[in-house]
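Participant: A structural model of the following input is requested.
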Amino acid sequence: MQDKNFDKLSQKFAKNIYGTPKGEIRAAVLWRDLAPQIAALSDKPLRILDAGGGFGFLSQKLAAMGHEVVLCDISEQMLAQAKQQIEASEVQLNITLVHSPIQALSSAQHGQFDIILCHAVAEWLIDAKTTLQGLLTLLKPQGLFSLMFYNKEAMRFHSLVSGNFDYVMRDMKVKKKVGLTPTHPLYIEDVRQWFNQWQLTMICQSGVRVINDYLKHHLPPNFDTQQLIEMELLYSQREPYLSLGRYVHFLAKNP
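Facilitator: Numbers count the residues shown, from 1 in each chain. Got it, this is the predicted structure:
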């Protein structure tokens with residue numbers, strides 16, 4: 001078995017993830033969590049690693065603010081998309097593209113970083129814990145680690161409210177994997193324990209898509225996507241909604 005490579009799905013992935021309200025919610029929650037912490041750190045340009053960052057949605061945003069970004073991905077197609085977008089940018093972006101598995105990154109080759117982003121990657125890894133622990137060797141003391149992962153409990157709850165009881169009884173295993181359904185979703189408590197073991201100080205925790213994925217098919221005629229995003233932000237850090245987020249974002253500081 002090997003970790004997921006999105007080469008064959010790169011166009012579908014870009015369209016499904018960022019060209020939709022799902023993507024807008026993801027971007028809004030991540031940015032709400034990250035922006036004040038980045039502002040507090042950045043009296044000078046920061047070195048940022050976007051590990052498994054695909055075509056670099058956040059990489060480009062951060063580089064446009066003057067930070068130095070290393071964007072690493074296992075997918076050549078994703079990085080080709082990133083290259084096109086970087087070259088088309090109106091402002092010059094200091095982004096280094098690295099085509100490699102994130103397990104192959106080393107501080108000897110790439111140095112250390114003020115911030116490491118690892119978003120929607122862990123749930124595709126065969127051994128997420130070991131891989132993430134390896135990434136932390138590239139994080140400076142007092143550096144920030146931003147991890148967003150697919151929440152197994154939310155996956156189960158979504159299946160339950162959709163009436164897919166047989167799927168739940170099989171522990172959500174299918175004979176044929178659907179392209180964009182993560183292969184190794186994680187439990188929130190497991191990831192919290194890892195953070196404790198690694199002595200990371202948690203700064204904030206948020207659910208991502210705590211409402212969107214449970215919306216009914218028949219919505220009120222005045223339904224407003226902008227209001228949905230506002231509600232997502234309002235409830236994303238409150239229990240029990242946080243734990244029902246389709247993804248969960250942890251932002252923590254290195255000791």
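Participant: ramachandran coordinates for Pro113?
Facilitator: That one is not Pro; residue 113 is Phe. Torsion angles at Phe113 (phi, psi; degrees, to the nearest 10) stand at phi -130, psi 150.
Participant: that one and Pro185, how far apart?
Facilitator: 26 Å (Cβ to Cβ, to the nearest Å). C-beta coordinates here come from the backbone N, C-alpha and C atoms, glycine included.
Participant: tell me which of the two has more neighbours.
Facilitator: Of the pair Phe113 and Pro185, Phe113 is the one with more neighbours under other Cβ atoms under 10 Å, namely 25 against 21.
Participant: the more buried one contacts Gln142, correct?
Facilitator: No. Using Cβ atoms under 8 Å, Phe113 is not in contact with Gln142; the gap is 11.7 Å.
Participant: mind listing residues that contact the strand or helix carrying Leu49?
Facilitator: Secondary structure from DSSP states H and E places Leu49 in strand 47-51. Applying Cβ atoms under 8 Å, 6 or more residues apart in numbering, the contact partners of strand 47-51 are 56, 58-59, 62, 67-72, 102, 105, 110-118, 121, 135, 138.
Participant: and it, how far from the chain's centre?
Facilitator: Here strand 47-51 shows a centroid-to-chain-centroid distance of 13 Å under the convention Cα atoms, centre = their mean, to the nearest Å.
Participant: now swap in stretch 240-255 and tell me
Facilitator: 10 Å.
Participant: now that stretch: average pLDDT?
Facilitator: For stretch 240-255, mean pLDDT rounds to 97.
Participant: first-to-last residue distance for it?
Facilitator: 29 Å (Cα to Cα, to the nearest Å).
Participant: what residues sit buried inside it?
Facilitator: 241-252, 254 (16 or more other Cβ atoms under 10 Å).
Participant: Gly52: which of these is nearest?
Facilitator: Tyr247 (13.9 Å; Cβ to Cβ).
Participant: bridging residues for the closest one?
Facilitator: Note on Tyr247: beta-bridge partners Tyr150, Val208, judged by DSSP bridges.
Participant: wait, doesn't it sit right on Ile25?
Facilitator: No. Between Tyr247 and Ile25 there is no contact under Cβ under 8 Å: 9.6 Å.
Participant: how far away is Ile86 from Ile38?
Facilitator: 20 Å.
Participant: equivalent analysis for Gln84, please.
Facilitator: Distance from Gln84 to Ile38, by Cβ to Cβ: 26 Å.
Participant: these two: who's more crowded?
Facilitator: Ile38 (19 against 11).
Participant: list the buried residues in whatever helix or strand the more buried one lives in.
Facilitator: Assigned by DSSP H and E, Ile38 belongs to helix 21-41. Residues 22, 24-30, 32-34, 37-38 are the ones in helix 21-41 that count as buried (16+ other Cβ under 10 Å).
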